[in-house]
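> got a structure for you, letters missing:
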């Protein structure tokens, strides 16, 4: 809700990019009691770009086509999982 609209505008695309997955973000619109909702529902691709983005006051049911192969394409261009070093963050084991 307002004043946190930047979650929809900045954080959601960043999470899609970081995780290299599609993200569907759904938010309410309008006002209820003292809360005013931002709207800004969206579908973000694994590259962080919007596939579908609605405004502050657009309501309805929305659809978008996604290319699942985009995940593979993004992961080949930016193979972040190959940089993992799980030995550095493995939980200590008591013997």
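Looks like it arrived, so ask away. Predicted model, so just to flag it, every value in this text is computed and none were measured.
> strands of this protein, residue ranges please.
23-25, 29-32, 35-38, 42-44, 50-53 (DSSP state E).
> can you list these in TSV and add distance to residue 17, mean neighbour count and mean pLDDT?
(Glycine included, C-beta is placed from N, CA and C.) Shown next, in TSV, are the strands of the chain (distance: least, C-beta to C-beta, whole Å; neighbours: other C-beta atoms under 10 Å; pLDDT from 0 to 100):
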stretch	distance to residue 17	mean neighbour count	mean pLDDT
strand 23-25	9	17	97
strand 29-32	25	12	94
strand 35-38	20	16	95
strand 42-44	8	22	97
strand 50-53	12	17	96
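> just send those strands back as JSON lines, with distance to residue 6 too.
Below are these laid out as JSON lines (distance: least, C-beta to C-beta, whole Å):
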{"stretch": "strand 23-25", "distance to residue 6": "13"}
{"stretch": "strand 29-32", "distance to residue 6": "17"}
{"stretch": "strand 35-38", "distance to residue 6": "9"}
{"stretch": "strand 42-44", "distance to residue 6": "13"}
{"stretch": "strand 50-53", "distance to residue 6": "14"}
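> can you tell which of the ones you listed is closest to residue 81?
Nearest of these to residue 81, taken as C-beta to C-beta: strand 23-25 at 17.6 Å.
> who does that closest one pair up with?
Here strand 23-25 is paired, per DSSP bridges, with strand 42-44 (antiparallel).
> quick one: contacts of the strand it pairs with?
With C-beta atoms under 8 Å, 6 or more residues apart in numbering as the test, strand 42-44 has contacts from 8, 12-13, 16, 22-25, 50-54, 64, 66.
> thanks again, I'm all set now.
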